[in-house]
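Enquirer: 3D, please:
(one chain, ligands or ions: 2)
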Amino acid sequence: MSEASRPLTVIFGQIVIGPPGSGKTTYCLGMQEFLSKLGRKVAVVNLDPANDLIPYQCCVDIGELVKLDDVMDGLGLGPNGGLIYCMEYLEENLDWLLDKLEQFKDCYFLFDCPGQVELYTHNCSVRNILAQLTKWNFRLTAVHLVDSHYCTDPAKFISILCTSLSTMLQVELPHVNILSKMDLIEQFGKLAFNLDYYTEVLDLSYLLDHLAKDPFFKSFRRLNKKLVEVIEDYSLVSFIPLNVQDKETMKHVMRAVDKANGYCFGESEQRTLEAMMSAAVGADFQFTMSMDAQEKYVKSTEENVEEELMQLSHARTDFNTT
Ligand SMILES: Nc1nc2c(ncn2[C@@H]2O[C@H](COP(=O)(O)OP(=O)(O)OP(=O)(O)O)[C@@H](O)[C@H]2O)c(=O)[nH]1
Ligand SMILES: [Mg+2]
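Expert: Ligands and ions are numbered 1, 2, ... in the order given. Below is the predicted model:
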């Protein structure tokens, strides 16, 4: 790509990534509406060739360049190989993307990406595409969504920590990790600790102790210990809770994203004292955010204890009557 074709102005935006079904497309729709109401001019780019039904107003669609079905039929590939081929094809045709993006250069961009994990942990196409966007003066934050219900299972939580860390290292962009679908967090089980334990990711030894209670994982203790040591040594992963229907959590995410790519320090929107303060006192702000989400979406510990006591007394009665 020639230097002359580079957009001169700085363009801000988000690249929305994460495992399949984590809520990327829904997030793009929600964030487009949220930011538009704040007066931001938003352009959403669909970079997922598997997206058949696009719920948001889409300004650029990779489907015009390459379609997953055509690739699968034409080359005899499965959906995973097909997706990798599509992203490699996009990498080879970045001038097509630049031509499309230039038509919206006064907008704030949201890129809706495919949900295949390898694209962000191993394969280099997405990383190369993002590096080229950065060269074209795009200032992007990677918004990495993972399903919040994984917090209810310590083994799954360790695995999403590993995925998040390797994605952060591979993608090489300012990064915000999100626990999505906060309204469903306890749908498949109760949390063993307060929500801030999962969002701040500070001391994972308690998680290992909790895991040790499960007989299946007893023999994997050393492996899990090494994995959490890697997470703790890098000390990079933390999460922001999100329910797309909840304006407060959307606002928290927007602030973190704006701080990460520098949008909040620009002049595009009026800078409020609150926004400047939240950028300055990041740690306190993050803690308050988790506490708010805990109150809204997690049953209180007393309630959990009461429920457990009730279940215990029922079990005792059943035992005595049999
Ligand atoms: N309750 C609830 N459901 C959500 C939320 N976000 C997304 N969903 C639902 O989760 C499902 C998957 O959402 P998508 O937005 O399609 O997820 P995706 O990451 O784009 O999926 P792929 O593109 O297939 O990787 C849909 O049924 C959404 O309605 C949320 O915050 N709360
Ligand atoms: Mg999607």
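Enquirer: what residues does this structure have near ligand 1?
Expert: 18, 20-26, 48, 115, 180-181, 183-184, 243-244 (CB under 6 Å from any ligand atom). Every C-beta, even on glycine, is put in place using the N, C-alpha and C of the backbone.
Enquirer: output the contacting helices and strands for the helix or strand that contains residue 196.
Expert: Residue 196 is located in helix 195-200, with elements delineated by DSSP states H and E. Helices and strands touching helix 195-200, by 3 or more CB pairs under 8 Å, 6 or more residues apart in numbering; DSSP states H and E, are strand 240-241, helix 282-297.
Enquirer: which helix or strand in the protein has the lowest average pLDDT?
Expert: Among the helices and strands of the chain, helix 301-321 carries the lowest confidence by mean pLDDT, DSSP states H and E, at a mean of 52.
Enquirer: which PyMOL command selects the buried ones in the residues of the chain next to ligand 1?
Expert: When burial is assessed using 16 or more other CB atoms under 10 Å, the buried subset of these is captured in PyMOL by this command:
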select buried, resi 18+22+23+24+25+26+48+115+180+181+183+243+244
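Enquirer: what segments of the protein are strands?
Expert: For the chain, strands defined by DSSP state E occupy the ranges 11-17, 42-46, 58-61, 108-112, 138-147, 175-180, 240-241.
Enquirer: note down every partner strand of the last one and its orientation.
Expert: Strands adjacent to strand 240-241 in the sheet, as given by DSSP bridges, are strand 175-180 (parallel).
Enquirer: relative to strand 138-147, how tilted is the strand it pairs with?
Expert: For strand 175-180 against strand 138-147, the angle by axes from the mean of the first three to the mean of the last three CA atoms, to 10 degrees is 30 degrees.
Enquirer: pull the residues that contact strand 175-180.
Expert: Applying CB atoms under 8 Å, 6 or more residues apart in numbering, the contact partners of strand 175-180 are 18, 22-23, 27, 141-148, 151, 164, 167-168, 185, 198-199, 236-242, 244, 253, 256-257, 260.
Enquirer: any of the residues you listed buried? List them.
Expert: The neighbour-count criterion (16+ other CB under 10 Å) marks 18, 22-23, 27, 141-148, 151, 164, 167-168, 185, 198-199, 237-242, 244, 253, 256-257, 260 among the contacts of strand 175-180 as buried.
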